[in-house]
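**Student:** next one to model:
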Amino acid sequence: MKEHILNFLNDPGQLERMYRNDKSGFRRDFMHLYPELANNPIAAYWYERLRFETDEIDWGSRTEWVMIALAVLVAGVTAKLPAIFSIDEEFFYTRNLGFIIFPALATFFAYRQKLSIGKTAFIVGSALVGLIYINAFPDNNQSDTLTLTCTHLLIYLWFILGVAFVGDKNSPSARLAYVKYSGDLVVITGLFVIAGGLLSAITIGLFSLLGMNIEEFYFQNVVICLLPAAPLLGTFLILKNPQLIGKIAPTIARIFSPLVLVMLAVYLFAIAYSGKDPYNDREFLLFFNALLLGVMVIIFYAVAGRTNATSRMELWVLLLLSMLTIVVNGIALSAILFRIAEWGITPNRAAVLGANVLILIHLGMVTIQLYLTTFRTNDLSAVGKTLVSYLPVYLIWAVIVSFIFPFIFNFT
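**Tutor:** So this is what the prediction gives:
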């Protein structure tokens, strides 16, 4: 759309048609272009118009709501398949959780981006490969490779969904927008789940006052069917109202970044005095890796949420946080190597080792770019490009763990 805005900048009628066809997309692309067009009087007019319209909520068209309703229906029916066909619930949900939401979201983005037949075939084919593979996996609840495959297939599906999200705009800015969308979706879905939980508690409580116990019925026929609607409705609101929804998660990241920095620094000092270490304590190592992932997500999302010029203090917080996270990663990596040397290789240790090495390399790249940004440009856009350029490496690793590890370790 950016090219069309530039081409039709002096054609008010065409600009108006573009705006009415896709208000949120037009607003996003125009605001991104405006610094280059500030001296143009027509651009100045549109800037003021869009700036004063940012508080309006775009509820979308009737066609879009029909699509969302159909997507919610399909996701709800998919979630009820165990009850419809008497499938073991543990077997179904552990293996197919990602496939309940993914088809609906991918279809929505494919329609929105008007994907080519080739790209649509790639998305459908890749998803089918994962779906058939995980459901043909040997049924062994004690299998570590089964657990690894189920978790890494979610990463695999996230990348496939990204193909639908970016469409033909496979650029660093489009990939960064997908990372930001993912963070926004986690936040808005969490809000929907909390609101839905309160409504459910009130509903069940009101019926219990009438002497009617509806908990099992409500959970089986309402919660399971409507829970998949949360990310679908969240996606719709994010895409139609980026000026509103897009402010929530970056604000949270900005608030928590300095708090996490202080917590992490204090925690590393506390480890030295507590006598605890991740070398001989498996649970502590698992928590340590969870801490690493959580802090890394905060860093990456803080970067994805704000790629324009930012304050020196925010840059310093991100730089120090990334440096401390490298220290945490180094400790976790050394602990994993120690455990492998002492007790041998297992699927879990191999997967965690590979993930930590990849994260360490990625964090190193981002930290270097943050250092250069802090002392030179004061612009996070270069950091954002570094962040997204490495993402395909995680996809390759997810494919290796999902599709190759089970054969290497004989599905144990």
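**Student:** what's the helix or strand residue 272 falls within packed up against?
**Tutor:** Using DSSP states H and E, residue 272 falls within helix 248-274. Counting contacts by 3 or more Cβ pairs under 8 Å, 6 or more residues apart in numbering; DSSP states H and E, helix 248-274 is packed against helix 172-209, helix 282-305, helix 312-343. For the C-beta atoms, the positions are set from N, CA and C on the backbone; glycine is no exception.
**Student:** distance from the chain centre to it, please.
**Tutor:** Distance, stretch centre to chain centre, for helix 248-274: 21 Å (Cα atoms, centre = their mean, to the nearest Å).
**Student:** for the stretch 201-350 of the chain, give me the ranges with low pLDDT.
**Tutor:** Within the stretch 201-350 of the chain, the stretches with pLDDT under 70 are 242-247, 249-250, 305-310.
**Student:** what backbone torsions are found at residue 87?
**Tutor:** Backbone geometry at residue 87, expressed as degrees, to the nearest 10, gives phi -90, psi 140.
**Student:** try residue 136
**Tutor:** Here the main-chain torsion angles of residue 136 (degrees, to the nearest 10) amount to phi -90, psi 0.
**Student:** do you know how far it is from residue 149?
**Tutor:** According to Cβ to Cβ, to the nearest Å, residue 136 and residue 149 sit 11 Å apart.
**Student:** and what of residue 173?
**Tutor:** Remark: distance between residue 173 and residue 149 (Cβ to Cβ) = 33 Å.
**Student:** who has more neighbours, these two?
**Tutor:** residue 149 (24 against 16; other Cβ atoms under 10 Å).
**Student:** export the helices and strands packed on helix 248-274 as JSON lines, with columns for distance to residue 404.
**Tutor:** Output for the helices and strands packed on helix 248-274, formatted as JSON lines (distance: least, Cβ to Cβ, whole Å):
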{"stretch": "helix 172-209", "distance to residue 404": "25"}
{"stretch": "helix 282-305", "distance to residue 404": "22"}
{"stretch": "helix 312-343", "distance to residue 404": "18"}
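**Student:** determine the number of other residues adjacent to the residue nearest to residue 261 when sequence neighbours are not counted.
**Tutor:** Distances taken as Cβ to Cβ, 6 or more residues apart in numbering place residue 321 nearest to residue 261, at 4.7 Å, with adjacent residues excluded. Residue 321 is flanked by 24 other residues according to other Cβ under 10 Å.
**Student:** the residue sitting nearest the centre point of the chain and residue 210: what is the separation?
**Tutor:** Nearest to the geometric centre of the chain sits residue 182, at 3.0 Å (Cα atoms, centre = their mean). In this view, residue 182 and residue 210 are 42 Å apart by Cβ to Cβ.
**Student:** please apply the same query to residue 327.
**Tutor:** Relative to residue 210, residue 327 is positioned 58 Å away (Cβ to Cβ).
**Student:** before we move on, what about residue 296?
**Tutor:** Distance, residue 296 to residue 210, by Cβ to Cβ: 49 Å.
**Student:** give me the more crowded residue out of those two.
**Tutor:** Counted by other Cβ under 10 Å, residue 296 and residue 210 do not tie: residue 296 has more neighbours, with 19 against 8.
**Student:** give the contact list for the more buried one.
**Tutor:** Applying Cβ atoms under 8 Å, 6 or more residues apart in numbering, we find residue 296 in contact with 325, 359, 363.
**Student:** with residue 288 instead?
**Tutor:** Shown in contact with residue 288 (Cβ under 8 Å, 6+ apart): 278, 328, 331, 332, 335.
**Student:** and residue 395, how close does it get to residue 266?
**Tutor:** 35 Å.
**Student:** looking at these two, which is more packed in?
**Tutor:** A direct count of neighbours by other Cβ under 10 Å for residue 395 and residue 266 places residue 395 higher, at 15 against 10.
**Student:** confirm for me that the residue nearest to residue 261 is in contact with residue 260.
**Tutor:** Yes. If you go by Cβ atoms under 8 Å, residue 321 and residue 260 touch, sitting 6.5 Å apart.
**Student:** list residues touching both of these two?
**Tutor:** By Cβ under 8 Å, 6+ apart, the residues touching both residue 321 and residue 260 are 295, 298.
**Student:** centre of the chain to the helix or strand where residue 126 lies, how far?
**Tutor:** If you go by DSSP H and E, residue 126 is part of helix 117-135. Here helix 117-135 shows a centroid-to-chain-centroid distance of 20 Å under the convention Cα atoms, centre = their mean.
**Student:** and for stretch 329-338?
**Tutor:** In this view, stretch 329-338 has its centroid 26 Å away from the chain centroid, taken as Cα atoms, centre = their mean.
**Student:** buried set for it?
**Tutor:** Within stretch 329-338, the residues scored as buried using 16 or more other Cβ atoms under 10 Å are 329, 331, 332, 333, 335, 336.
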